[in-house]
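Asks: no letters, just coordinates:
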């Protein structure tokens, strides 16, 4: 009964926000409920009979979590998970408000959650995962974390709090440093030498400035990547499937997801069923999402940090249509854009977003052609999508998280699950 008033208030707030702003209402209810009933999230996450699985790291959390959840559900398990927009503590409260009953009980036998690398350490101090997946440490959000070493320390706290197996990236020295401090069983995932040496594989993990640790043998490996076609080896069994999005980073997410699903399911894990699921799975919104707008296809590509920008630019299709490049308020320090190689991007039609001036300057300096610089974001969106269809390729929007949220809200893309495979 203690949680009933808080949850009722949370639901009323969610209803009111969504009435005013369709598709909204994800953050405020969680913030309010977290103040009224701060222990609700711990009670709820401790209630799953098969425990909690945490997926965290700098990049790839949303895609990896979506893959794991889809595979585990296909094997018949009832899974509670969070949307990719709700991976911080107040987001967990919002997810419970949305999916739980009025006593804080949420459906499912197992919780599989993506967690922001900063918030995960706080959650696992009170709810111990049975399995955790630590994807990587990149240089990201330096205004928030100051130094990647602090991210590594927070992820190490998650690993040490895990009661069972920790699944780690064999290619990232940060993950190997975490492994050296663990007593847990460890499983590794990684890339084959062939994939690592491909021209579009710039997995530049944050430097540790510590003595290098030899790469361990990975149990889950991306063997070969040809466009969207990925061949993997999972515990010495091989299979192939098509990825929902282009790029080495998505291949790595897929083998991490396979490793996690196998750990969760044990002897029930069916590799061919898992491959069939991933073969049909749509991307997470804006991670190579393709939508039909005004009768023509448009691809949406989210860039969140230097490595994200680099990998997505390196994996752009050979023939691009018009490009809109929008950098929003979330890029507090636009100087990181100067560390990216823009040689794969020859021309941009429209530059816009809160940081349009910084974006236009860095693109111009790197000899990227620009046709229009439009400070007013909504005007830029309207004029860009009013352009005639390109002669080849498709329209492409490359944007940061703030610009992504504003565009989706403006265009009425209110359901994050309304994503089809391109």
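Replies: That came through fine. Since this is a predicted model, take the numbers as computed values, not measurements.
Asks: so residue 314 touches residue 344, yeah?
Replies: Yes. Taking contacts as C-beta atoms under 8 Å, residue 314 lies within contact range of residue 344: 5.6 Å. Glycine gets a C-beta too; all of them are placed from N, C-alpha and C.
Asks: the more surrounded of these two?
Replies: More neighbours surround residue 314 than the other of residue 314 and residue 344, with 21 against 15 (other C-beta atoms under 10 Å).
Asks: domains in this structure, by residue range?
Replies: 4-280, 287-411 (automatic domain parsing).
Asks: let me see the mean pLDDT of the shortest one.
Replies: Spelled out, that is domain 287-411. Across domain 287-411, the average pLDDT comes to 95.
Asks: what separates that domain from the chain centre, distance-wise?
Replies: 19 Å (C-alpha atoms, centre = their mean, to the nearest Å).
Asks: report pLDDT for the closest residue to residue 262 other than its chain neighbours.
Replies: Computed as C-beta to C-beta, 6 or more residues apart in numbering, the closest residue to residue 262 that is not its neighbour in sequence is residue 269, at 4.4 Å. In the prediction, the pLDDT value recorded for residue 269 is 98.
Asks: for residue 269, what are phi and psi?
Replies: phi -70, psi 130 (degrees, to the nearest 10).
Asks: so it makes contact with residue 75?
Replies: Yes. At 7.1 Å, residue 269 counts as touching residue 75 under the criterion of C-beta under 8 Å.
Asks: and the two? Which one has more around it.
Replies: Set side by side, residue 269 and residue 75 show more neighbours around residue 269, with 19 against 16, by other C-beta under 10 Å.
Asks: what residues are up against the more buried one?
Replies: Residue 269 is in contact with 75, 261, 262, counting by C-beta atoms under 8 Å, 6 or more residues apart in numbering.
Asks: past the host helix or strand of residue 359, which element shows up next along the chain?
Replies: For residue 359, the enclosing helix or strand under DSSP states H and E is helix 356-365. Later in the chain than helix 356-365, the nearest helix or strand by DSSP H and E is strand 369-373.
Asks: past that next one, which element shows up next along the chain?
Replies: Next element after strand 369-373 (DSSP H and E): helix 377-385.
Asks: check which helix or strand the residue positioned nearest the centre of the chain maps to.
Replies: The centre of the chain sits closest to residue 62, judged by C-alpha atoms, centre = their mean, with a distance of 3.0 Å. Assigned by DSSP H and E, residue 62 belongs to helix 61-74.
Asks: list the contacts of that helix.
Replies: The contact list for helix 61-74 (C-beta under 8 Å, 6+ apart) reads 53, 55, 79, 81, 84, 87, 110, 112-116, 133, 135, 244-245, 250, 253-254, 256-258, 260-261, 264-265, 273-274, 276-278, 281, 283-284, 287.
Asks: how about 6 Å then?
Replies: Applying C-beta atoms under 6 Å, 6 or more residues apart in numbering, the contact partners of helix 61-74 are 55, 79, 81, 84, 112, 114, 253, 256-257, 260-261, 264, 273-274, 277, 281, 284, 287.
Asks: which ones are touching residue 345?
Replies: 313, 368.
Asks: returning to what we had before: ok, so of the contacts of residue 269, who is nearest residue 391?
Replies: residue 261 (42.6 Å; C-beta to C-beta).
Asks: let's verify the closest one: helix, strand, or coil?
Replies: The three-state assignment at residue 261 reads helix, by DSSP: H, G, I helix; E, B strand; the rest coil.
Asks: how near is the nearest residue in space to it that is not next to it in sequence to residue 236?
Replies: Residue nearest to residue 261 in three dimensions, not counting chain neighbours: residue 71, with 4.2 Å by C-beta to C-beta, 6+ apart. Residue 71 is 19 Å from residue 236, where distance means C-beta to C-beta, to the nearest Å.
Asks: distance of the residue lying closest to residue 293 once chain neighbours are set aside from residue 294?
Replies: Leaving aside its chain neighbours, residue 293 sits nearest to residue 385 (5.7 Å; criterion: C-beta to C-beta, 6+ apart). From residue 385 across to residue 294, the span is 6 Å (C-beta to C-beta).
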